[in-house]
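need a structure here:
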Amino acid sequence: MRKCLFVAVSLLLVGGAVSSSAQQGFIPPRPGVRMAQPWRPVDGQGATKVIGSVIDIRQVPVAYARVQLRNLVSGGIEQETSSDANGEYTFTVADPSTYVVEMIVVDGYVVALSNAGSIARYETLQTVVQLPGRWDALANRLVYPQNAGTFLGISGANTLTNTTLEMAIDQNIAPADPGEPVSPNQ
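As a prediction, this is how the structure comes out:
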């Protein structure tokens, strides 16, 4: 009697485990049957990807920037592409590894790097390349912010007011209302 009770409880447990696995979408192979292909996600989107965006110091997307994918294990450049109009890029990689995305300019110099990350097969690594300055799309160059420390020992040509006015002219910023001068004697 005890043996029959043990067999019945064992069958219930095994049956519950199989039905639970079937509800989760996984049916184990029959004993002796080997799976022909490696496991892939159910949705069919089994690619290993590195995705991300290029932004400047003002958090503005940099459109059509040249970016390259560097494998940090081998040290080599695996792929190169350009960001889209929203500053976004996608790389589909064949092998899991540790990667970093680099923004490069026309002469091949690296301007900025993304965060580095390791990915396994069928994973997606999200990265962000942030430039250390403002991207001037018309001139296709990086404009670095001014350091206030350079204005100590002020000369006539290099003043904070002069530099501010130059930046306003470069960005087509005009005063809304120039106002009137304020003086305590008036």
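
So which bits of stretch 129-146 are buried?
129-131, 134-135, 142 (16 or more other Cβ atoms under 10 Å). No exception for glycine: its C-beta is placed from N, CA and C like everyone else's.

no wait, stretch 64-83
Within stretch 64-83, the residues that qualify as buried are 65-71, 78-79, 83, counting by 16+ other Cβ under 10 Å.

quick one: contacts of that stretch?
Contacting residues not belonging to stretch 64-83 are listed as 50, 53-54, 61-63, 84-85, 87, 89-91, 93, 97-106, 116, 129, 135 [Cβ atoms under 8 Å, 6 or more residues apart in numbering].

now do 6 Å
Surrounding stretch 64-83, the residues in contact under the criterion Cβ atoms under 6 Å, 6 or more residues apart in numbering are 54, 89, 91, 97-104.

Kindly indicate which of the residues you listed lies nearest residue 122.
Distances from the contacts of stretch 64-83 to residue 122 were compared by Cβ to Cβ; the smallest belongs to residue 97, at 13.8 Å.

follow-up on the earlier one: would you point out the most distant pair within the contacts of stretch 64-83?
In the contacts of stretch 64-83, the most distant members under the criterion Cβ to Cβ are 54 and 97, with 21.5 Å between them.

Just the buried ones among the contacts of stretch 64-83, please.
When the contacts of stretch 64-83 are checked for burial by 16+ other Cβ under 10 Å, the buried set is 54, 89, 91, 97, 99-104.

Put together CSV for those residues, with pLDDT, distance to residue 122 and secondary structure on each row.
CSV is the format used below for those (pLDDT from 0 to 100; distance: Cβ to Cβ, whole Å; DSSP: H, G, I helix; E, B strand; the rest coil):
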residue, pLDDT, distance to residue 122, secondary structure
54, 94, 25, strand
89, 96, 20, strand
91, 95, 15, strand
97, 92, 14, strand
99, 94, 15, strand
100, 94, 20, strand
101, 95, 20, strand
102, 94, 24, strand
103, 93, 27, strand
104, 91, 29, strand
